[in-house]
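# What follows is a predicted structure for the sequence shown.
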Amino acid sequence: MSVQHILDLLDSHAAGDEERLLSIALAAAAAEARAGRPADAEALKKAVQGMRSAGPRQHATASPIPLARPRGELQSIVASSYPKTTLASMVLSQEMDARLQRIVRQQRERAALRDHGQRPSTHLLLIGPPGTGKTMTSAALAGELRLPLFTVKLESIFSRYMGETASKIRLIFDQAAQTRGVYLLDEFDAIGARRGDPNDVGEMRRVLNSVLAFMEEPNPTDSIIIAATNHVEILDRALARRFDEVVEYGLPSIVEAKALLVARLRKFKLDAKALKALEPDLEGLSQAEVVRAADSAVKDAILDGQTKVSLDLVRTVLQERRAVGARFHS
C-alpha cells in the first residue's frame, strides 16, 4: 500500500466518511493485485465486504473535526463555518443534481482517481442571477463532504498598495493547499470588474495574472475552490478556462418553485388547489425570494397560533417579495 493510500485512509477516517474509506481500501486491493500479491488483495476485499455487510456504524467523528480557524492576516479575509446543509435539502433540477452529485462522488473517491492518473474536479465556477442557489450550493458541497466552508471576503483583499492584493490572494491559495475544505470566492467578478478602473494603473491586471497562476498550481489537499458571480460576462476568458466545471443557475421553474415552497412551509402546508392558485405569484421569483416569503408566512402562522398558513397570507408575502425585487431592479 502506498503512502498516499495510507494518508487518504487517515483523512477519510478523520472525516468519519466510511464509504470513502472502503473505496480507498478497494483501490489499495486493486493495486496489490496489479503488484502480484493476490492474497493481500483478496484479504482487503473480504475485509471491505465484511464491513459493508455489517451496515453503517455511528462514529464519534461523524461530524467535521474542528480545524484551526484562519489566523493572522487570514482572519480578516476568510470566515470559516461547518455547514450541515446537503444537496438533498436543495430543490434542484435532475440535471443540476446529477452534476453536483458527480462532483461529490469524485471527491469521495479521489484516491481511486489518482491511482489512474486522474484528479477530482476542484475548481468550480457558479454563474447566475442573485438568489438562485450559488452560495447554498457551496454550503451543501461542504456539508456532503463534511468539510469546513471558508468564505473569502473579496472586499477585504483589495488594497491600495501595489502588490498587496496579490499577496493576500496568495495566502488564500496557500491555505487551500494546506487545509482541505471548500473555499468560496463570492462576487468573483470584482476581480474582472476592476480592470477598467481609471485608477487601476495595471494593478488589477497583475492580480488577475496572479489568480491565473495560482489556479494552475497543484492542489495536494483536493480542496474545492468555488468562484461565484452574477456577472460572468465581465470575467476574463483565460480565467474561465481554468475551471473544471462551470455550473449555470437560473430562476426555478414553476414545478421547482412549488416544491421549494412546500419544503419551506413544512407542516404549515397548503393543499394542491392552493398551490395551483399560487403559480402566477411564483412566476419569476428566485429561490431565495421563495424561501424568504415562505419563512415569513410560517412566522406569522406561529405567532397567530395557527397550524396552517392561508392561501391569502402566502400570496401576500410572495407579492411583497416581488415588489422588493422590482424596486431593486428598476
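That came through fine. All values derive from a computational prediction rather than experimental measurement.

# Just the CA atoms of stretch 223-242, as PDB, please.
Written as PDB, here are the backbone C-alpha positions of stretch 223-242 (Å, rounded to 0.1, in the frame of the first residue of the first chain):
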ATOM      1  CA  SER A 223      -9.700  21.500  -1.700                       C
ATOM      2  CA  ILE A 224     -12.600  22.800  -3.700                       C
ATOM      3  CA  ILE A 225     -12.200  26.300  -4.900                       C
ATOM      4  CA  ILE A 226     -15.600  27.800  -5.800                       C
ATOM      5  CA  ALA A 227     -15.900  31.200  -7.600                       C
ATOM      6  CA  ALA A 228     -19.500  32.600  -7.800                       C
ATOM      7  CA  THR A 229     -20.600  35.500  -9.900                       C
ATOM      8  CA  ASN A 230     -23.700  37.300 -11.100                       C
ATOM      9  CA  HIS A 231     -21.800  38.800 -14.000                       C
ATOM     10  CA  VAL A 232     -20.000  36.100 -15.900                       C
ATOM     11  CA  GLU A 233     -19.800  38.400 -19.000                       C
ATOM     12  CA  ILE A 234     -17.100  40.500 -17.500                       C
ATOM     13  CA  LEU A 235     -14.800  37.600 -16.500                       C
ATOM     14  CA  ASP A 236     -11.600  37.200 -18.400                       C
ATOM     15  CA  ARG A 237     -11.800  34.300 -20.800                       C
ATOM     16  CA  ALA A 238      -8.500  33.000 -19.700                       C
ATOM     17  CA  LEU A 239      -9.800  32.800 -16.200                       C
ATOM     18  CA  ALA A 240     -13.000  30.900 -17.200                       C
ATOM     19  CA  ARG A 241     -10.900  28.200 -18.800                       C
ATOM     20  CA  ARG A 242      -9.200  27.400 -15.500                       C
END
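
# can you give me the mean pLDDT across it?
Across stretch 223-242, pLDDT averages out at 83.

# Which residues in that stretch does the neighbour count mark as buried?
223-230, 232, 235-236, 239, 242 (16 or more other C-beta atoms under 10 Å). Quick note: C-beta positions are derived from backbone N, CA and C, even for glycine.

# of all these, which two lie farthest apart?
223 and 230 (23.8 Å; C-beta to C-beta).

# What's the separation between residue 171 and residue 208?
In this view, residue 171 and residue 208 are 17 Å apart by C-beta to C-beta, to the nearest Å.
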